[in-house]
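# From the sequence below, what's the structure:
(chains A and B)
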Amino acid sequence: MTSSVCTRFAPSPTGDLHIGGVRTAIFAWLTARHHGGKFFIRLEDTDQERYMPGSARRILETFDWLGIQLDGGPDHASLRQMKTDEDYAGALADGSYKGISGPFVQSQRLPLYQQWAEWLVEHGCAYRANETPEELERMRAAVIERKEVWNFREEMRLRTDIDPAQPHVIRMRVIPRDGITQLHDLVKGDVAFENANTDDAVLLKADGYPTYHLANVVDDHLQEVTHVIRGDDWLSSAPKHILLYRYFGWELPQFAHVPNVLGEDGRKLSKRHGATSVFEFRDQGYLHEAVINFLAMLGWAPGEGDEQNVFTADELIEKFSEEHIGSSPAVFSYSKLDWLNGVHIRRLPPAELAERLLPFVEQAGLKFDTPEAQARFRQAIPLIQERIKTLRDAAGLIDFIFTDIETPAKQALIGQKMDQAASLAALRETKALLEQLPVFDEAPMEQAMRTLAERLHLKAGQLFTIVRNAVTGKSVTPPLFGTISVMGRETALQRLERAIRVLSE
RNA sequence: GCCCUCAUCGUCUAGUGGACCAGGACACAGCCCUUUCAAGGCUAAAACACGAGUUCGAAUCUCGUUGAGGGCACCA
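Numbering: from 1, shown residues only, chains lettered A, B, ... in the order given. Predicted coordinates for the structure are as follows:
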């Protein structure tokens, strides 16, 4: 048994991280942390055609935002200092971090793959071939025509006298041909594959780059990965990897093939279901705490009768267990994410919430250019904290405090079961009351207003509703008196005066 | 077509042969609280895909059926 757990997340640099990929990463990270082990990322950029510049940066930024610390890779502090795409890419191309051997970009490790591919050839576990893609296509078509199973085998080679100096590929031999290759998967259990169904896959491409099969095995071994946690679309090729470990004589890691994330229609989650990139969630005002919590519970539950739903990252680390990852695909529920986001927002200290809210409310057009406006913004936080589901929701709840409102229509200023005259009188009394209120705070204001309602023989709701409309221009707002208090006496009186004028006509 | 995987309320799940006429959470509905909106509390409705076995007893084990997902590249 290995002494220390090490897991990795190995994305291809083809764009922003998909939320499903992030979930896999979270499972890998939690596995490592739960066992006090290490976690790193490795860029699988062996397909030159699909490479997207800037991916290293996007991926590193994702983990930075999530608050997931990498052991193999730059830490949060150094990430913050980086400026250009090259800085980020360079950080991953670096030698090693915390004892995990880099580089963490496969294109920087080419000699390793070439060396081990040659090793396999020398030891009879692989061979050279040089059929062109067109030739292979023709062979495949012919086989399928005969309704036979297409599986490349050594004896199918068109040419056997291959000059190692000329372009060619290296393919693995499947040994033994008629055996069975089994694996014990942490989430799928025991799975068996007939070797007859495993083809002589290309390990090293003609361009000198490895395929995934070779690269992941070589890297995972060299980087001492103990738990290979990846999407279950890899399950079918797992026997190839097992065979390779066996050929090399390397100890097998544990495997955990985690199921896909589905959209609400039961299909694989994609753009048409809504947001899929982590950054979209971030930009829509989701907290990283909520995203981690939600994703972790998508396909995992603490089990053993534990019915906890809301977790901090530390709680997840403590309770996580890779054996409890569910084996069936899970549907991504936006409404549950919304709920969890609200929960985590409510858990934030108000000052912290204000901090996170700032970019969002500014983006919505609210400006706090004076210290006084900033103070008002901070005071408004407790009023909205339990009313927002995403950081984006805040602006719409408090905009009227910071920007002018349209004077409400007469209709909105006449109370339930009240006539115009009574409403007018009520607003005048309110204005007088607010003018004289010694301390412009929520509690004394509410008390005074309740007394006023009584004196006018009005129900509190009747009075408050028209005052709300007059002062905020809205019928739905955060608690009235707290809001008025934050807004300040001057603004409130002005707006009341305008409303009074409307009713006086 | 072949191979692999999966199958409990609408959704995420608990459940590993008896404690389950199946528990929790989200969403939905109603009620309470209440100045609106939230938050909170309470209540309701809601599931073991189907069919055979094994067993005194099955959501749990076996087989089959159906459905869904994934793989079958010099992509990862």
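# for the stretch 401-505 of chain A, what spans make up the strands?
If you assign secondary structure with DSSP state E, counting those that start in this stretch, the stretch 401-505 of chain A ends up with no strands.
# Kindly report the residues of it close to RNA strand B.
For the stretch 401-505 of chain A, the residues found near RNA strand B under the criterion C-beta under 7 Å from any atom of the strand are A:446, A:460-461, A:464-465, A:468, A:475-482. In this view, the C-beta of every residue, glycine as well, is placed from N, C-alpha and C.
# switch the cut-off to 6 Å
By C-beta under 6 Å from any atom of the strand, the residues of the stretch 401-505 of chain A that approach RNA strand B are A:446, A:460-461, A:464-465, A:468, A:475-481.
# Of those residues, grab the buried ones for ChimeraX.
This is how ChimeraX selects the buried members of those, with burial counted by 16 or more other C-beta atoms under 10 Å:
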select /A:446,464,465,468,477,478,479,480,481
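# Output the residues of the stretch 401-505 of chain A next to RNA strand B in TSV, with pLDDT appended to each entry.
Conversion of those to TSV gives the following (pLDDT from 0 to 100):
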residue	pLDDT
A:446	96
A:460	93
A:461	93
A:464	97
A:465	96
A:468	97
A:475	94
A:476	95
A:477	96
A:478	97
A:479	97
A:480	97
A:481	97
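# Which members of the residues of the stretch 401-505 of chain A next to RNA strand B occur in helices, if any?
Judged by DSSP state H, these include A:446, A:460, A:461, A:464, A:465, A:468, A:480, A:481 as members of helices.
# Just flag the most distant two among those residues.
With distance counted by C-beta to C-beta, no two of these lie farther apart than A:446 and A:465, which are 14.6 Å apart.
# Output the below-cut-off pLDDT ranges for chain A.
Within chain A, the set of residues satisfying pLDDT under 70 comprises A:1-3.
# can you list the domain ranges for it.
Using automatic domain parsing, the domains assigned to chain A come out as A:110-258, A:348-403, A:406-504.
# Redo those domains as JSON lines? Include distance to residue A:79.
Formatted as JSON lines, the entries for the domains of chain A read as follows, by distance: least, C-beta to C-beta, whole Å:
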{"stretch": "domain A:110-258", "distance to residue A:79": "21"}
{"stretch": "domain A:348-403", "distance to residue A:79": "18"}
{"stretch": "domain A:406-504", "distance to residue A:79": "37"}
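# How about the residue of the stretch 301-450 of chain A at minimum distance from RNA strand B, nearest residue that isn't a chain neighbour?
Closest approach between the stretch 301-450 of chain A and RNA strand B, counting by C-beta to the nearest atom of the strand: residue A:328, at 2.9 Å. Distance criterion C-beta to C-beta, 6 or more residues apart in numbering; nearest residue to residue A:328, sequence neighbours excluded, is residue A:259 at 6.0 Å.
# The closest residue to residue A:34 other than its chain neighbours: how many residues sit nearby?
Of all residues not flanking residue A:34 in the chain, residue A:320 sits nearest, at 4.6 Å (C-beta to C-beta, 6+ apart). Burial of residue A:320, expressed as a neighbour count using other C-beta atoms under 10 Å, amounts to 23.
# just residue A:137 next, same as before
Here the neighbour count serves as a burial measure; for residue A:137 (other C-beta under 10 Å) it reads 11.
# ok, now residue A:443?
Look at residue A:443: counted by other C-beta under 10 Å, it has 11 neighbours.
# thinking again about what came up before, am I right that the residue of the stretch 301-450 of chain A closest to RNA strand B sits in a helix?
No. When classified by DSSP: H, G, I helix; E, B strand; the rest coil, residue A:328 is found to be coil rather than part of a helix.
# I figured residue A:240 hits residue A:171, correct?
No. The pair residue A:240 and residue A:171 does not pass the contact test of C-beta atoms under 8 Å, sitting 10.9 Å apart.
# Find residues that contact each of these two.
Contact criterion C-beta atoms under 8 Å, 6 or more residues apart in numbering; residues bridging residue A:240 and residue A:171 by contacting each: residue A:201.
# circling back: can the residues of the stretch 401-505 of chain A next to RNA strand B go into JSON lines with extra columns for distance to residue A:7?
What follows is those, written out as JSON lines (distance: C-beta to C-beta, whole Å):
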{"residue": "A:446", "distance to residue A:7": "55"}
{"residue": "A:460", "distance to residue A:7": "58"}
{"residue": "A:461", "distance to residue A:7": "57"}
{"residue": "A:464", "distance to residue A:7": "56"}
{"residue": "A:465", "distance to residue A:7": "57"}
{"residue": "A:468", "distance to residue A:7": "54"}
{"residue": "A:475", "distance to residue A:7": "52"}
{"residue": "A:476", "distance to residue A:7": "47"}
{"residue": "A:477", "distance to residue A:7": "48"}
{"residue": "A:478", "distance to residue A:7": "44"}
{"residue": "A:479", "distance to residue A:7": "47"}
{"residue": "A:480", "distance to residue A:7": "52"}
{"residue": "A:481", "distance to residue A:7": "53"}
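# Could you find the closest non-adjacent residue to residue A:300?
Using C-beta to C-beta, 6+ apart and skipping residues adjacent in sequence, the residue nearest residue A:300 is residue A:325, 5.1 Å away.
# residues contacting the one you found?
Residue A:325 sits next to A:27, A:186, A:187, A:256, A:258, A:299, A:300 when contact means C-beta under 8 Å, 6+ apart.
# Quick check on these: which are buried?
Here the buried ones among these, as counted with 16+ other C-beta under 10 Å, turn out to be A:27, A:186, A:187, A:256, A:258, A:299, A:300.
# The third one: what's it in contact with?
The one in question is residue A:187. Listed by C-beta under 8 Å, 6+ apart, the contact partners of residue A:187 are A:232, A:256, A:257, A:258, A:259, A:322, A:323, A:325, A:326, A:327.
# let's see 7 Å
With contacts defined as C-beta atoms under 7 Å, 6 or more residues apart in numbering, the neighbours of residue A:187 are A:256, A:257, A:258, A:325, A:327.
# what's the most distant pair in the residues you listed?
Of all pairs drawn from those, the one with the largest separation by C-beta to C-beta is A:256 and A:327; the distance is 10.3 Å.
# any idea where the strands of the stretch 101-250 of chain A begin and end?
Under the criterion DSSP E, counting those that start in this stretch, strands of the stretch 101-250 of chain A are mapped to A:126-129, A:169-172, A:180-185, A:189-194, A:202-204, A:227-231.
# Where does residue A:40 sit: helix, strand or coil?
Going by three-state DSSP, the secondary structure assigned to residue A:40 is strand.
# Look up how far residue A:288 lies from the residue nearest the centre of chain A.
Here the mean C-alpha position of chain A is nearest to the C-alpha of residue A:278 (C-alpha atoms, centre = their mean), at a distance of 4.0 Å. As judged by C-beta to C-beta, to the nearest Å, residue A:278 and residue A:288 stand 9 Å apart.
# check which helix or strand covers residue A:360.
Using DSSP states H and E, the secondary-structure element containing residue A:360 is helix A:350-363.
# List the buried residues of the next helix or strand after that helix.
Beyond helix A:350-363 in the direction of the C-terminus, DSSP H and E gives the next helix or strand as helix A:371-384. Neighbour-count burial for helix A:371-384, counted by 16+ other C-beta under 10 Å, picks out A:376, A:377, A:378, A:379, A:380, A:381, A:383, A:384.
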